[in-house]
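J.: Just need the structure, nothing else, for what follows:
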Amino acid sequence: VHGSVSAGGMNGTGAGSASCRFAHYFVVCGVDTETGLEPDDGAGEGFEQSPIRRSFKSKVLVHYPENTDRNPFNKDAVNMLCMPRGLSFRTQADRLDPHFHSFTIAFDDGTRSYGFVHTFYEEVTSPQIITAMQTLYQMHHVEHHSSSSASMDSLASSLDESDAESLAGVPGCLGCSGSFDPARDTLYVSKALCLVTPLPFLQASRQFLAQLHQAVTSQTAPPLPLESYIHNILYEVPLPPPGRSLRFHGVQGPIVCQRPGPGELPLGEYLLGEAFSLLGVDNMVKLLTCALLETQVLLYSQDYQRLMTVAEGITTLLFPFQWQHIYLPIVSTPLHHLLDAPVPFLMGIQRRDGAQRSSLHLPHEANLCFVDIDNHCVEAPEDLPLFPDQTELIQELSEVLLHFGLEPQGGVITKPTTSSSSSSPRLSSLVLEDLMEDRRNGNLGGEELAVLERLQALARRCGGEKMSDGGKTLGHAFEEEEEELKAAKLNIQLREVFAVRFAAMFGRYEEFVIHSALDLDSWLSNREGTFSFDKGSFLSVQPATHLHFFSRFLETSMFSSFVDGKVISRWADREPLQLLFDSRLERERLYDTGEEDPRSCPYRKCTTLFESAHNIERRLLKADHTAIHPHLLDMRIGQGRHHPGYFPKLQADVLAQFCRIICVNRWSSRVTTSSRRSEPKRSMVNDHSGADNELRQKHTYARKLLRQSKLLDPSPQAVSQTHREFVDGLLSECRLKTKRMLMERMGKESVELGQGEANITGLQENTLIHGLCDLLERTWGHGLQMKQGKSALWSHLLHYQAAQQKTEAPAESPGQNTTRVFIQTMSEGLSEVGQARAWIHLALEKKMLSQHLKELLTNQELLRQLYKPHAFLLCEEEREQFLFHLLSLNTVDYLCFTRVFTSICIPYRVVIIPMKKLSIAMATVNPWVCVSGELGDSGVRQIPKNTQEIFFQCQNLGRLSTLQLGQENSGLLAKCLIDCVMVYNEITGHTYKFPCGRWLGKGVGDGSLERVLIGQLVSPGAEEDAGRWTGTPPELASPSQSVRMVLGSLGSRIQEDMREAANNLVKHFHKPEQERGNLTVLLCGEGGLVLSLEKFLLHGFKSNRLFQRNVFVWDFVEKAVVSMETADQMGDLHGSTLTRGPPCDSLCHYVNAINASPRNIGKEGKFQLFVCLGIRDRLLSQWLPLLADCPLTARTYEDGALLRDRAAVHSLSRILHTLNEFSITLETALVKGVDL
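T.: Residues are numbered from 1 along each chain as shown. Coordinates of the predicted model:
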């Protein structure tokens, strides 16, 4: 395979086909002597800077070829990214080191190109430019001195840091820094050489450009004109085939590049080691978590290459997922309006010399991850979930880094990226290699080190004679190659650790993908309404500690486009990344026989580290293919002459055409086919058959709202167009989010109020509401000009409040005001972002969100002060629709505030409502109440005399479940028929109704002085319902009225109810813990276990008096126990068939304990207690047969009674027996005062 290859391959015509060439374009940017100096207004610098320090507009001077079919050349974008700060001028007094950076350009189809830029300083020869600079300087000098405040300080502060260093050693020179006098100074200007490639061949491109520059500065001319080398890399160097490496020739020496094979991770040459060294492992994991959850990520550094290193590092670690939003690692000043973008983004901006973080105006901070690379710090948004198994992951990454001699804490500045790295012939002495390895690992003592130094010096001397004027020794080149290899190995190992992590987290994702559509078109047309992934089931098998992260990650575009790719793969080829991930999962499964539960699965370390590093090492050490050598082109005479230090004017005609294919050579068909393959990402566009491609295209466009290429255009029309798209995007996101929130609750509504929730609702709901808060923050941050604190929404609320107080108009509805004031009072310990979230949660729970926001937006004057004209909130029509979508959320009962903010104090109002006719009797009663909810109880609160209501504050009780109602005064007159008790939460506006419908007092009803009532949320939680409270309750609400009708009712119906009640309990315990409903309701509420058992025992009960008041089951239970005890005392006198055993003992013991209780809970209360304790202690199923066999039963019940039907009793005790496997915890309100 070693023959040379040309990018033309076999057919001789394909040379120009961009997809298989190593590089797409060669570009030179710099000063255009024709147009002269144009100040770069966008650079945001004032005129107080000396002209030498100002930025001027750069131009693309030449680029070859003119255009390629697949990747049109975007002149402005390339120019802006090659020289993000425009041209910079220097004089001989400044440092003139060349520097290197790279950039990336995204295309609308989701593919990307990479640009590699070598910037150096070239002496200015054009007299016009020198004169222009002199004139500018003289004007500046005059202005500066006339303002007399021109002190040395202001001069010193206007220096670049690097200049300050270079001048520090030169005394007296400070005064003239930034000055320019053509008689004394030589003027230099920056020039950029750029190579645009389809794949991120970082090392190879960097070396090629560095060698090109070296040839320009060298005293002796290069072997061939520069055109030959440029022509060679543009048209004759192919992409290396997947899994192979390729050697081609730069000006000074050979350069090797390689590409991963089909089963390996895609190419990523950006140095992850450097990113980890800059930020540290903990910060990198935090940053990756932010990227995965699609927060807005803003990188900040002085060095463009650092911005790229971190951005590319993070995006490569996302494998198998892909960043779906704005991705601009280098945002130059004209594009700073993009910081307004109300969508997730990953952007980088350059830190100006001496600039501080505080000087940046950032409209969005509520959900921003700010990464200050130079200061090694990552500010993540609040309540960021931990990455699953974060500690173990950090541990594993640290081990990898330590193995390569890097500090996991980070903050270590690696050597600045100077681009003096040309590659020279390899040093083949293995002995030296081993020694170097040992030295690096610290295994050598002092003597050996000395020997090693001598050896290296020798190598240097021998090599030095043969070297060209690059002046680099063999030893040096060898070290560099070692470094490069080491970096490549570290890269792949760090990436493998993450890839294995994701494989462990999503190893079984395919089981949860829902394939509902029949064909692609029907799927695309119903995409919004269909769920392609069963999130609930997926979450239910995850460990509890990971749920917070997973529930948010499953809502991201990155995850949904990954799942969409899976769904579409039924009709079209899978995307390469997904294909790779799936094949890795299959490989894992081969080794992984045990079907263990992912919840208990231990952390698995990556085992393929060395194997994957070995592949890369093998390719880099021995090139598989060699490209054609550069050769002479038929150039016109007299061109291509060498002027040391000046980049020549290239001869266009030989570079612009890919006319002649020089040689078609021995080059095996296997390699040709693979070299045709484009890089993994691009293959999506190239390889598929036409039809397939169309499907993909359809899908990609359905997914991408933003056109990436438009973002780089700083012209006003393009900017307003971009913000227009943002506005539409926000609106459609709002529509989808509210729709999703409503769909999440459909069908769960009925379940929600009584018997607990279905699915992982609690968690998913919190996630959706978190998403809504984030959407509101982004909407309110779009186009924002001034804000207080970090939250755009809260800042607007405060501005609105201030404006209201100024005008002192009572325009604010009372609801809006109390809501905000309350949030402000509870705000101890909450940040602005937290306060805004609390406000949204509360408004949602009160069903006032849309109304409150509408009110906020009525103040047009304020809106125009706070926002730029393109802001979302100033687009009237969209704003109305936005509020309309939010209005639809009023159809859902949310408890999001009550459940999330558990530690705050809430005012409750409790009102006791007697039956209408008898309200007079209230005067004699002296009642007390104790309210209990999910989070605790209020303690006993005595109701003031002669009133029916009490108002108190206590810590948030959560959703209310039971209420104990009792009275102290035990006189015979003190009795009252209570209809119900209402409890009103003053903050959230929720009303709970506790139906009672019984007497409270001695000698009436069951003689109860205390009752436990079960509550339910009355849906419309608004104030105006207060008037309806005095009405009579609906028939079903109070259990006791239904009791009387039972006597004659059908046995089968009762048994059915009994089964239903038990079934509800079983369902309750089969749900994941965070969404079980209220157990007390299932036991004692309407249709609960206690009542259905009571109906069972009342069936066929003989009533000897015609006009008896209520019949009480408890009387029967008591008598039965008495008869058992007497039977026991009298021994076998009556020959009783009853053999006494443990069940009988426990029955008597419990009944006596309940009767001995100091609480006056009445007969119904006692029966309720009896059932609850029996279920809790797993005894009830044994007690029933005892009661049925008791001799008393035959006397008390009719023949047809269920209790005398053996089969019925047997099936009932079997049903109750099934409840024994659950551990039931009773609310303290139920079991208080019983001493067992």
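
J.: What is the least confident helix or strand in this structure?
T.: helix 669-676 (a mean of 35; mean pLDDT, DSSP states H and E).

J.: now the helices: where do they sit in the stretch 1001-1150 of the chain?
T.: Secondary structure of the stretch 1001-1150 of the chain by DSSP state H, counting those that start in this stretch: the helices cover 1039-1044, 1051-1070, 1079-1084, 1089-1098, 1113-1129, 1142-1156.

J.: The longest helix seen in the chain: how far from the chain's middle?
T.: Using DSSP state H to assign secondary structure, the helix with the most residues in the chain is helix 474-505. Using Cα atoms, centre = their mean, to the nearest Å, the mean C-alpha position of helix 474-505 is found 27 Å from that of the whole chain.

J.: Can you give me every residue that contacts the residue most central in space within the chain?
T.: Nearest to the mean C-alpha position of the chain, counting by Cα atoms, centre = their mean, stands L293 at 1.2 Å. With contact set as Cβ atoms under 8 Å, 6 or more residues apart in numbering, L293 has these partners: 384-385, 549, 552-553, 556. All C-beta atoms are positioned from the backbone trio N, CA, C, and that covers glycine.

J.: For the closest residue to A1062 other than its chain neighbours, the count of nearby residues, please.
T.: Taking Cβ to Cβ, 6 or more residues apart in numbering as the measure, A1062 lies nearest to I1215, with 4.8 Å between them; neighbours along the chain are not counted. Residues contacting I1215 under the criterion other Cβ atoms under 10 Å number 18.

J.: Next: T131.
T.: Using other Cβ under 10 Å, T131 has 12 neighbouring residues.

J.: and the gap between the nearest residue to it once chain neighbours are set aside and M133?
T.: By the measure of Cβ to Cβ, 6+ apart, the closest residue to T131 outside its immediate chain neighbours is P182, 7.9 Å from it. Distance, P182 to M133, by Cβ to Cβ, to the nearest Å: 8 Å.

J.: same question, N491
T.: With distances taken as Cβ to Cβ, N491 is found 44 Å from M133.

J.: Also G263?
T.: According to Cβ to Cβ, G263 stands 57 Å off from M133.

J.: who's more crowded, these two?
T.: Between G263 and M133, counted using other Cβ under 10 Å, M133 has the larger neighbour count: 22 against 13.

J.: looking at it, the more buried one is touching P51, isn't it?
T.: Yes - using Cβ atoms under 8 Å, M133 is in contact with P51, at 6.1 Å.

J.: Need the overlap of contacts for those two.
T.: Residues touching both M133 and P51 by Cβ under 8 Å, 6+ apart: 89, 180.

J.: would you say H101 is within a strand?
T.: Yes - going by DSSP: H, G, I helix; E, B strand; the rest coil, the assignment for H101 places it inside a strand.

J.: Can you name the residues that contact the closest residue to it other than its chain neighbours?
T.: Beyond its immediate neighbours in the sequence, the residue positioned closest to H101 (Cβ to Cβ, 6+ apart) is Y304, lying 3.9 Å away. With contacts defined as Cβ under 8 Å, 6+ apart, the neighbours of Y304 are 84, 101, 103, 330, 348, 350.

J.: The last one pairs with what?
T.: Going back to what we said before, that points to Q350. Assessed by DSSP bridges, Q350 has beta-bridge partners S301.

J.: ok, so what distance separates it from R724?
T.: From Q350 over to R724 the distance is 28 Å, taken as Cβ to Cβ.

J.: Who has more neighbours out of those two?
T.: In this view Q350 and R724 are compared by other Cβ under 10 Å, and Q350 has more residues nearby, 20 against 12.

J.: Contacts only, for that one.
T.: Applying Cβ under 8 Å, 6+ apart, the residues contacting Q350 are 84-85, 301-302, 304, 307, 330, 332.

J.: So C734 sits against H885, correct?
T.: Yes - using Cβ under 8 Å, C734 makes contact with H885 at a distance of 4.9 Å.

J.: quick one: which of these two has more around it?
T.: In this comparison of C734 against H885, neighbours counted by other Cβ under 10 Å, the higher total goes to C734 at 22 against 19.

J.: Now tell me what touches stretch 313-323 from outside.
T.: Contacting residues not belonging to stretch 313-323 are listed as 265-266, 268, 270-272, 275, 284, 287-288, 291-292, 297, 327, 346, 494-495, 498-499, 502, 558-559, 561-562, 577-578, 580-581 [Cβ under 8 Å, 6+ apart].

J.: Those in helices, which ones?
T.: Assignment to helices by DSSP H places the following of the contacts of stretch 313-323 there: 272, 275, 284, 287-288, 291-292, 494-495, 498-499, 502, 558-559, 561-562, 577-578, 580-581.

J.: How are the strands of the stretch 901-1050 of the chain distributed by residue range?
T.: Read by DSSP state E, counting those that start in this stretch, the stretch 901-1050 of the chain holds these strands, from start to end of the chain: 905-914, 927-933, 936-937, 941-942, 949-955, 960-967, 976-985, 991-1000, 1010-1014, 1016-1018.
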